[in-house]
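Undergrad: Sequence below, structure please.
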Amino acid sequence: MDLLDLWRGQLSLRRINVLIGSLLNQPGRSALAAAVDESAVWSDSEHLLAQVSDALELSNWLFYQANSSEDTEPVPAPTPMRRPGQEDAAVDPAQPTYASTEEVVDFFTRMNNI
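TA: Next up is the predicted model:
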């Protein structure tokens, strides 16, 4: 494929987009996909194994928490395995804020008035 065909009028931008999209969706480890998306460094099976590992660690932690006495020292919750393409979990995520009762009532009142 010659990219000069784009300027010669024999190749469209849409065709280039389709070709690049098909290159990114090829199975296996692709240098192009890894350069565009860091999470493509791992295959689907590696992502699934990391998810299973995180679930097992959480399950063991919950079992320990449920079966330990209240006077024992608490064990911190496990941190998920870092995946490629994710930011480090060193920064504590912000606590979620919930809407007050008045805000919820106001929201549904406005939705009824639409």
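Undergrad: Going by C-alpha atoms from here, please, whenever you check contacts or count neighbours.
TA: OK.
Undergrad: In space, not sequence, find me the middle residue of the protein.
TA: The C-alpha lying nearest the average C-alpha coordinate of the chain belongs to residue 86 (CA atoms, centre = their mean; 7.2 Å).
Undergrad: Strands of the chain, start to end?
TA: Along the chain, counting by DSSP state E, no stretch forms strands.
Undergrad: So which residue of it lies furthest out from the middle?
TA: residue 8 (40.8 Å).
Undergrad: Worst mean pLDDT across the helices and strands of the chain, which element?
TA: Least confident helix or strand, the chain: helix 31-36 with a mean of 67, by mean pLDDT, DSSP states H and E.
Undergrad: which helix of this structure spans the most residues?
TA: If you go by DSSP state H, the chain has its longest helix at helix 44-67.
Undergrad: buried residues in it?
TA: If you call a residue buried by 16 or more other CA atoms under 10 Å, then helix 44-67 has these buried ones: 47, 50, 54, 57, 58, 61, 65.
Undergrad: coming back round to it: relative to residue 2, how far out is the residue farthest from the centre of the chain?
TA: For residue 8, the distance to residue 2 equals 10 Å [CA to CA, to the nearest Å].
Undergrad: cool, residue 48 as well?
TA: Residue 48 is 38 Å from residue 2, where distance means CA to CA.
Undergrad: and if you look at residue 20?
TA: Note on residue 20: its distance to residue 2, by CA to CA, is 14 Å.
Undergrad: Which of those two has more residues huddled nearby?
TA: Taking neighbours as other CA atoms under 10 Å, residue 20 and residue 2 compare with residue 20 leading, 13 against 7.
Undergrad: Enumerate every residue touching that one.
TA: Applying CA atoms under 8 Å, 6 or more residues apart in numbering, we find residue 20 in contact with no residue.
Undergrad: So that it lines up with my notes, have the first residue be 42 from now on.
TA: All set: I'll call the first residue 42, so the last point we hit is now residue 61.
Undergrad: so what pLDDT did it get?
TA: Listed pLDDT for residue 61 reads 82.
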